[in-house]
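Student: I'd like to go over a predicted model; first the sequence, then the structure.
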Amino acid sequence: MRTIKKWWLVVLVLLVALGIRIYRLDEVPAGIYYDEIDLAYQARSLIETGRDYRGGLSPFFVRSFNTDKTPIPVWLSIPAVMILDTPALQVRATNALVGAVVVGLAMVLIWIWIKNRKAMVITGIVFALSPWLIQFSRIAFEAIFVLLFFFGFLIAFFSWLKNKKLRDFYLSIILLSLSVYVYRIMSFYAPLTFLMVGMIYFREIMKVGLKHIIGGGMLAAVIILPFLYATTFASADQTRIEQVSIFSDPLVPIFVIRGREVDSGDYLHEEIGKTPVWYSHLFHNKPMGWMSSFKNNYMKSVSSVFLFATGDDNLRQGIGKTGALLWIDIVGLMAGLYWLMRNIKNKKYQLLAAWLVTAPIPADLTFDGAVHASRLIIFAGAVLTVVGLGWWRIFEHVLKWRWGRVAGIFIGVVYLLVFVNVAHKYFVHFPLEAARWHGYGYQQAMLKIKEIEKDYDKVMLTNSNDPAMLYYLFWAQVPPKEVQEYGAEFGPEIVKNMELDRVKMMSWSKVTEGKQMPHEMGEVLEDGVLYLITQQDAKGDIRPNKGTLPDGVKIIESVPYPDNSEVAYFLVTKE
């Protein structure tokens, strides 16, 4: 009974965190996005066939239609896919549970560091109510799993520092090394973390003995290096890696040339670049361009605009017009940074400071990563830890006042009201505003196709939005074995005399080339074919009560967005 009395607030925080993450999980966000569908279909394929749906069997990645995916999020999602019946919960339940566990791990870390229940609970509240973490706990992206493994590593490492048990020493190495199998950013950040920990805790680590240091290094190498090789040099996905790197940014060479033109005055002439001055190469070159891109990205990542005002404007990763953190957390962040600097001689705070400063680097090495909330997820863990410590110090100070309890309750109420405002936006407005960003409409359209496809010779799916074939495979419950046998190409020209020949991807712009939409749509439709198209494909809302139905076209189904502003998808056929 005494134990329950001591820890009931911790349990309450965990229950609140879990409740926020599972409330209307199948409805918010509205729609299930392509990457989420991919993860769940891969899990189903592993369950039914032991291989990914491309037929691959690798411990390093699962091969999807558009890219190679890190495997651990897929593996961890298998139980939910096996146990649950509702598709949306199959997809998202694992992330919701992991998101709540991350809150618990953050509290455990604070307890190990400080042994103060108040600090533990306040930090847990900050993590539980963070819009940044709530978003990635309610969509089936890899990001939240990063914090699961990273906090697990920190807990194991600091447990080893305290008890000197080799079990915890090796567990910390395993957890950090395995994080590279969770999300690509950890391929860079896990080795960097080993370096930071090694530098800060050099003396403590040396005491473990050369045998165990070498053994730990070999263990990390055995886990990490094969993954890095398999997903870079030996990967068919190198093109994707090159696409997002700042070192592949096509604008950098253009800026270099323009800078040299300005230095030489050649921009005034038709023939440019013919007489560059000698010092231009010092100021205008690719390394300087890359450094400038990285600097600009980093400043945006740590800016108050991203953290407290706008967040990620991609509505798959942010709520929209709301900071990645609650705006009131700027107070906690300032107090936390002050506390951090005052205690910087303590090695655990040196590591926290290093974590805070270096966490944005992986995202900022990609040209579109400056405010990419998913790639910055490791930064979220550091920032929220500092914020939690800051609020703890504020409450410790305030409670010493004469009216400290009243002031503390007032601060708590204001904090809760700020969160309630964000929660209202998320659960009421966000499903309407962000529906098209989350693949809304595919579920309804694909289920209708599955119901009536036997009445048609062929089904043609537009490629105007996300690749629609995967949505069909998932919602129509096509066995992954059939996909493995058929292959990854679903163009109209692919004919294999198999069941999947009936459903094809199409380029609507090519189908309608030379025709005026929507008036001449009927002229391009083939008899006996069911078409899935968007309102943009149709060049307007062709519902009878909204626009003009083109001659020769029959609308089988229309799926409007939740706000009914426009139609997500039409199912049409030749009349």
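Tutor: In hand now; what should we look at?

Student: looking at this, residue 554 is in a strand?
Tutor: Yes: read with DSSP: H, G, I helix; E, B strand; the rest coil, residue 554 is one of the residues of a strand.

Student: what's the burial count for the residue nearest to it when sequence neighbours are not counted?
Tutor: Using Cβ to Cβ, 6 or more residues apart in numbering and skipping the chain neighbours, the partner closest in space to residue 554 is residue 575 (4.1 Å). All C-beta spots, glycine's among them, are computed from the backbone N, C-alpha and C. Neighbours of residue 575 under the rule other Cβ atoms under 10 Å: 13.

Student: I'd guessed residue 10 sits against residue 117; true?
Tutor: Yes: counting by Cβ atoms under 8 Å, residue 10 sits close enough to residue 117 to count as a contact (7.3 Å).

Student: wouldn't residue 224 be in contact with residue 191 here?
Tutor: Yes: applying Cβ under 8 Å, one finds residue 224 in contact with residue 191, separated by 7.1 Å.

Student: who has more neighbours, the two?
Tutor: Remark: of residue 224 and residue 191, residue 224 carries more neighbours, 21 against 16, as counted by other Cβ under 10 Å.

Student: And the more buried one, how far from residue 389?
Tutor: Counting by Cβ to Cβ, to the nearest Å, the gap from residue 224 to residue 389 is 31 Å.

Student: Which residues are in contact with the residue nearest to residue 554?
Tutor: Residues near residue 575 by Cβ atoms under 8 Å, 6 or more residues apart in numbering: 522, 552-554.

Student: 10 Å instead?
Tutor: Each residue near residue 575 by Cβ atoms under 10 Å, 6 or more residues apart in numbering is listed here: 522, 525, 527, 549-555.

Student: Please identify the buried residues of the longest helix belonging to the chain?
Tutor: Using DSSP state H, we find that the single longest helix of the chain is helix 87-114. By 16 or more other Cβ atoms under 10 Å, the buried positions in helix 87-114 come out as 87-113.

Student: How about stretch 483-493?
Tutor: By neighbour count on 16+ other Cβ under 10 Å, the buried set for stretch 483-493 is 483-484, 486, 490.

Student: Residue 151 versus residue 82, what's the distance?
Tutor: Distance, residue 82 to residue 151, by Cβ to Cβ: 26 Å.

Student: Please say which of these two ends up with more neighbours.
Tutor: A count of neighbours by other Cβ under 10 Å puts residue 151 above the other of residue 82 and residue 151, at 23 against 11.

Student: My guess is that one contacts residue 123. True?
Tutor: No: in this structure, residue 151 is not within contact of residue 123 by Cβ atoms under 10 Å, at 11.5 Å.

Student: so what sits against both of those two?
Tutor: With Cβ under 10 Å, 6+ apart as the test, residue 151 and residue 123 both reach 103, 106-107, 109, 385.

Student: okay if I get these as JSON lines plus pLDDT and distance to residue 460?
Tutor: Shown next, in JSON lines, are the shared contacts of residue 151 and residue 123 (pLDDT from 0 to 100; distance: Cβ to Cβ, whole Å):
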{"residue": "103", "pLDDT": "98", "distance to residue 460": "46"}
{"residue": "106", "pLDDT": "98", "distance to residue 460": "49"}
{"residue": "107", "pLDDT": "98", "distance to residue 460": "52"}
{"residue": "109", "pLDDT": "98", "distance to residue 460": "53"}
{"residue": "385", "pLDDT": "98", "distance to residue 460": "51"}
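
Student: just the residues you listed now: which is nearest residue 348?
Tutor: residue 109 (9.6 Å; Cβ to Cβ).

Student: remind me which residues of the stretch 401-550 of the chain are low pLDDT?
Tutor: Across the stretch 401-550 of the chain, the ranges flagged by pLDDT under 70 are 547.

Student: Next: the chain.
Tutor: Counting by pLDDT under 70, the chain has low-confidence residues at 1-4, 234-243, 265-276, 547.
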